[in-house]
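Trainee: 3D model of this:
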Amino acid sequence: MNQRRETMIAIFMFMGVLLGNVIIFSIVPFLSAPDLMARRISAGQLLGFFGGAGGVVDASPTPIHAFQIMLCYSAIATLCMLPWAFKQGFKGLKTTRLKAYSARGLLEYGAFTLSFFSLGFLGTNFTLPMHTALNFITPIFATLATILILKEKSYAHTWIALIIGIAGVLLITRPGMLPLSPGVLYVLGAGLGFSLCGVVIRLLCRTESSHHIAFYMLAMVTVLSLPLGITHWVNPGLDGWFWLVLIGVIAYLQQVYVAKAISKVPFMVLIPINFVSLVFSTILGYLVYSQHLDRWTAAGALLILAGTIYNANRNSALAAKEAQIAAAA
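Mentor: Numbering: from 1, shown residues only. This next block holds a predicted model:
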């Protein structure tokens, strides 16, 4: 298979991963936010879960807490990976990197929980497209984290990209012009957590396969989610289980296909495609929540993405230059 075809396959896989993210993030609000239950009932009626002709049940659904959603998200995705795990056996799953896996599990749990909590604040001043756009800051945070934690060398372009990214965040949130939604703080906290996850993944990739990394992450997040997930457990109802299983299966597929996409092409090739997720969230935000993409959010997202692409291209050019120098030595 030629490289061009491999690249196209990787791009479509990554677009599928981005679409999966947006679908999950569009489902979570109407599962957890009490004032969005009408949206959940409307979706349930379309699927035949509530009232109407052929409806299975005729009752108001109970809001599902973000902690319970997090538990189901990770547990169902872990169940999907069990056939692979059984095939590996204890010997195949054995690892010497439990500390790194534990750190990654804690960070993923915290980041996803913050992200799910942020979605409970969807409204006029915090929309689904804003949530997606603010997540674009994660790669820039990750670059900064590698400098501060892994002590990698920093360059002028790194700090320029960071300043551009912060400017993009300010455009989206418009402090002083819009009331600050708690959702903004939660999603930025999630972005920081995901960026630290990226640092740990870079360390794990030196010795571990992508499937091992995915399995341990999902299994550990499930264990971490159990206490608060059980404490806040409510009966999801038939429609709730439908959405929770859908979220878990999508989470599993994302783990599989993001690893395959990154294995086919350099990650910097995939970074610009992140903007497609804003298109997806704009469409779903309008269809599900009647929210629109405003020009400030679009401009801020473009600015953050421009900083990310600029940083990735400069890093790639420097790496290529260093490789040439090493080969000539």
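
Trainee: what is the burial count for Leu19?
Mentor: By other Cβ atoms under 10 Å, 18 other residues sit near Leu19. No exception for glycine: its C-beta is placed from N, CA and C like everyone else's.

Trainee: I'd like the numbering to begin with 29 instead of 1 from here.
Mentor: Yep, numbering from 29; the last one is Leu47 now.

Trainee: and it, how far from Gly217?
Mentor: Using Cβ to Cβ, to the nearest Å, Leu47 is found at 24 Å from Gly217.

Trainee: ditto for Phe154
Mentor: Phe154 is 14 Å from Gly217, where distance means Cβ to Cβ.

Trainee: out of the two, which sits in the busier spot?
Mentor: Of the pair Phe154 and Gly217, Phe154 is the one with more neighbours under other Cβ under 10 Å, namely 24 against 17.

Trainee: what's near enough to touch that one?
Mentor: Ser146, Ser209, Gly211, Val212 (Cβ atoms under 8 Å, 6 or more residues apart in numbering).

Trainee: so the third one touches Phe144, yeah?
Mentor: Same thing as Gly211. No. Using Cβ atoms under 8 Å, Gly211 is not in contact with Phe144; the gap is 10.8 Å.

Trainee: could you pull out the helices for the stretch 129-278 of the chain?
Mentor: Along the stretch 129-278 of the chain, counting by DSSP state H, counting those that start in this stretch, helices occupy 156-163, 166-176, 184-201, 210-232, 238-259, 265-292.

Trainee: okay, those helices in JSON lines with mean pLDDT and distance to Gly328 next?
Mentor: Shown next, in JSON lines, are the helices of the stretch 129-278 of the chain (pLDDT from 0 to 100; distance: least, Cβ to Cβ, whole Å):
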{"stretch": "helix 156-163", "mean pLDDT": "85", "distance to Gly328": "6"}
{"stretch": "helix 166-176", "mean pLDDT": "75", "distance to Gly328": "13"}
{"stretch": "helix 184-201", "mean pLDDT": "79", "distance to Gly328": "3"}
{"stretch": "helix 210-232", "mean pLDDT": "84", "distance to Gly328": "12"}
{"stretch": "helix 238-259", "mean pLDDT": "91", "distance to Gly328": "30"}
{"stretch": "helix 265-292", "mean pLDDT": "85", "distance to Gly328": "25"}
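
Trainee: where does Phe140 land on pLDDT?
Mentor: Looking at Phe140, its pLDDT is 89.

Trainee: just Ile299 next, same as before
Mentor: Reading off the model, Ile299 has pLDDT 65.

Trainee: burial check on Tyr137, number of neighbours?
Mentor: Tyr137: 21 surrounding residues under other Cβ under 10 Å.

Trainee: so who does it touch?
Mentor: Applying Cβ under 8 Å, 6+ apart, we find Tyr137 in contact with Met98, Ser102, Met248, Val249, Leu252, Ser253.

Trainee: circling back: need the winner for burial among the helices of the stretch 129-278 of the chain.
Mentor: Comparing the helices of the stretch 129-278 of the chain by mean neighbour count (mean count of other Cβ atoms under 10 Å), helix 156-163 comes out on top with a mean of 27.

Trainee: quick check: the farthest pair among the contacts of Phe154?
Mentor: Farthest apart among the contacts of Phe154 by Cβ to Cβ are Ser146 and Ser209. That separation is 8.5 Å.

Trainee: between those two, who's got more neighbours?
Mentor: When neighbours are counted by other Cβ under 10 Å, Ser146 comes out ahead of the other of Ser146 and Ser209, with 28 against 19.
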